[in-house]
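Pasted the sequence and its predicted model underneath.
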Amino acid sequence: MLQEEYSIFLRTYNTVLRNIGIFITLSLATLAYSRYYRGKDKTSHSKIYNLGTILVSALFLSIAFTINNKLINDVKDMSENEISSKDIYKYDIWCKLPYLSMICILILFIFNIYTFVKFLF
């Protein structure tokens with residue numbers, strides 16, 4: 001693989017990873033914002049607002065999950081098709097990081113579901 005192609009790959013990879021981080025941050029911020037309405041008063045407006053913010057938080061995590069899954073597929077396709085055997089060591093770390101972020105997203109999604117169930121009951 002040429003140095004220019006590697007540079008383009010790294011720029012794209014970093015941009016996609018940054019976007020995943022932004023959606024995870026938005027999810028956590030929305031979930032923290034929903035905490036303000038949890039347990040305040042038992043009006044239907046407060047309950048609907050809390051439920052809505054929890055669902056929006058789950059939506060942001062779903063978007064991060066989808067982007068991360070696409071990144072994993074793209075890196076896997078590129079590593080199978082375009083990388084020579086002598087350059088494979090450069091891509092080892094790039095193949096592992098999306099899986100770690102996927103685990104983080106799934107853990108956060110479990111906490112989000114727990115918050116949703118705890119709110120309902």
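Now that the structure is in, tell me what you want to look at.

rest of the way, CA atoms for contacts and neighbours
Will do.

name the helices or strands packed onto the helix or strand harbouring Ile93?
Under the criterion DSSP states H and E, the helix or strand holding Ile93 is helix 88-120. Under the contact definition 3 or more C-alpha pairs under 8 Å, 6 or more residues apart in numbering; DSSP states H and E, helix 88-120 sits against helix 3-37, helix 44-81.

The first one vs helix 44-81, what angle?
To tie it back to what came earlier, the one meant is helix 3-37. Helix 3-37 and helix 44-81 are oriented at 160 degrees to each other (axes from the mean of the first three to the mean of the last three C-alpha atoms, to 10 degrees).

Pull the distance from helix 3-37 to the chain's centre.
Centroid separation between helix 3-37 and its chain, computed with C-alpha atoms, centre = their mean, to the nearest Å, is 7 Å.

quick check: angle from that helix to helix 88-120?
Our comparison of helix 3-37 with helix 88-120, counting by the same axes, to 10 degrees, yields an angle of 10 degrees.

In helix 3-37, which residues are buried?
Buried positions in helix 3-37, judged by neighbour count with 16 or more other C-alpha atoms under 10 Å: 13, 16-17, 19-21, 23-28, 30-31, 34, 37.

So what touches stretch 51-58?
Defining contact as C-alpha atoms under 8 Å, 6 or more residues apart in numbering, one finds that stretch 51-58 is touched by Leu26, Ser27, Leu28, Thr30, Leu31, Tyr33, Ser34, Phe109, Asn112, Thr115, Phe116, Phe119.
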